[in-house]
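In: sequence? don't have it. structure:
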């Protein structure tokens, strides 16, 4: 099976712009989670989608949003970019349906740099 | 916010030696997982241990869990240069709660 793919891999944006990142999960995986990784804060959970519904949300401002499509592919959007949004954004998929997070399969990440 | 705290933050050993990393957490958990991350890339799942398990093995990896002390350890035996990476523990509670990661241990294995 193909692994989790994320596009684009690298992105440079200017403050105030918006950005959309894409994630394609492993075939058959219905849960997709997004994480932000920075040197200072480490890995922080953004949100999780399951069957097109947001099931969990981390402690991030409303500028961060996401969605999941019927084929389980997911996108996340960050509006009005700030310098502090520069990070590695990781997407992970899993087979979990309910009650148990289980093993997460991570994509290679999108490196976002905000200038 | 971080649930798990790995110790040490960084570890440097010679090839062939064993590496031990520890993880402490604050609240009751459902599962505890360990992941590896090579520099700036995606995470790779290593092992999952449930709250009712005390020890688990996978190849050269041995994970222990002590729920009374809210701690776990990851032992890598006979380390190789290819084991050089950051290692993270992650915990979850019951009821569809998300994984919460620690800040990781950076392991350097010198050939």
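Out: Ah, there it is. Just so you know, these numbers come straight off a predicted model, no measurement behind them.
In: helix or strand with the lowest mean pLDDT in the chain?
Out: Reading this off chain A. None of the helices or strands of chain A scores lower by mean pLDDT, DSSP states H and E than strand A:53-57, at a mean of 91.
In: helix or strand right after it?
Out: Downstream of strand A:53-57, the next assigned helix or strand under DSSP states H and E is strand A:64-68.
In: after that following strand, next one along is what?
Out: Taking DSSP H and E, what comes next after strand A:64-68 is strand A:74-78.
In: who's in contact with the least confident helix or strand of chain A?
Out: A:31, A:33, A:45-49, A:66, A:68, B:96-98 (C-beta atoms under 8 Å, 6 or more residues apart in numbering or on different chains). Where you see a C-beta, it was placed from the backbone N, CA and C, and this is true even at glycine.
In: break down chain B into its strands, ranges please.
Out: B:5-7, B:10-14, B:19-24, B:31-37, B:43-50, B:55-58, B:61-66, B:71-76, B:85-92, B:100-101, B:105-110 (DSSP state E).
In: enumerate the residues of chain B near chain A.
Out: Taking C-beta under 8 Å from any C-beta of the partner chain, the part of chain B that reaches chain A is made up of B:1-2, B:30-31, B:33, B:35, B:40-45, B:48, B:88, B:92, B:94-104.
In: go again with 10 Å.
Out: Contact residues (C-beta under 10 Å from any C-beta of the partner chain) of chain B with chain A: B:1-2, B:4, B:6, B:30-31, B:33, B:35, B:37, B:40-48, B:50, B:86, B:88, B:90-104.
In: pLDDT score for residue 64?
Out: Using chain A. pLDDT recorded at residue A:64 is 98.
In: let's do chain B instead
Out: In this model, residue B:64 is scored at 98, pLDDT.
In: nice, that's everything, thank you.
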